[in-house]
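J.: Sequence first, predicted coordinates after that:
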Amino acid sequence: MGLLIYSPMNTKRTRIIYLDTNPVSREEFDANMNSHFDVVLAANPIDAYNILREEHIDLVISAKEMPEMNGIEFLEVIAKDFPKVGRILSSTNGTWDELISAVNQGKVTRIIPFPFNYADLKSNIQEAASQLRASLEKDRLLEQLERQNQQFEFILRQRLLS
């Protein structure tokens, strides 16, 4: 019989901001996704940015078409200011140049067509969250290895000097 170890990373629900200026889209997203994820809704980029500053968020899903600032521009800002937050763009349309810009500047991991197929969306969110957790764990292990290397170098220098 194997030992079960409690791990908060494995039991924590993915926390998502869904940014869309359309209230009907926000309500529909919340109704379909809140049983699977912790959903926070934002009506505009400023609200979404303020939420990111104040709360732990794993992933941002932003509509591309918004009047104040389009989703690609918003996700570019998020990529710079909150690099450890995952980013997904939702779009009803888009040129190749826009979509390439989303990936290159906004560091978007996925572009999902709107209107949503919620089964596919759930799967995409789970995959993006899993990739994000793996990336964060890799970063944590690299930092740990760097600290251990520094400690080893210190010990080695001490031995060489004695």
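T.: Done, it's in. Numbering: from 1, shown residues only.
J.: From the chain's centre, how far out is stretch 18-26? Work that out for me.
T.: Computed by C-alpha atoms, centre = their mean, to the nearest Å, the chain-centroid distance of stretch 18-26 equals 18 Å.
J.: Report the buried residues of it.
T.: Within stretch 18-26, the residues scored as buried using 16 or more other C-beta atoms under 10 Å are Tyr18, Leu19, Asp20, Ser25, Arg26. No exception for glycine: its C-beta is placed from N, CA and C like everyone else's.
J.: taking those one by one, which sit in strands?
T.: Tyr18, Leu19 (DSSP state E).
J.: For the buried residues of stretch 18-26, give me CSV that also has distance to Asp97 and pLDDT.
T.: CSV is the format used below for the buried residues of stretch 18-26 (distance: C-beta to C-beta, whole Å; pLDDT from 0 to 100):
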residue, distance to Asp97, pLDDT
Tyr18, 25, 98
Leu19, 22, 98
Asp20, 23, 97
Ser25, 25, 96
Arg26, 28, 97
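J.: how near is Asn22 to Asn44?
T.: To Asn44, Asn22 is 11 Å away according to C-beta to C-beta, to the nearest Å.
J.: farthest pair in the buried residues of stretch 18-26?
T.: The distance between the two most remote of these (C-beta to C-beta) is 10.1 Å, for Leu19 and Ser25.
J.: overlap in contacts of these two?
T.: Ala63 (C-beta atoms under 8 Å, 6 or more residues apart in numbering).
J.: Okay, strands next: where are they in this protein?
T.: Here the chain has its strands, by DSSP E, at 15-19, 38-42, 59-63, 86-91, 110-113.
J.: Give the buried residues for the last one.
T.: The neighbour-count criterion (16+ other C-beta under 10 Å) identifies Arg110, Ile111, Ile112 as the buried residues of strand 110-113.
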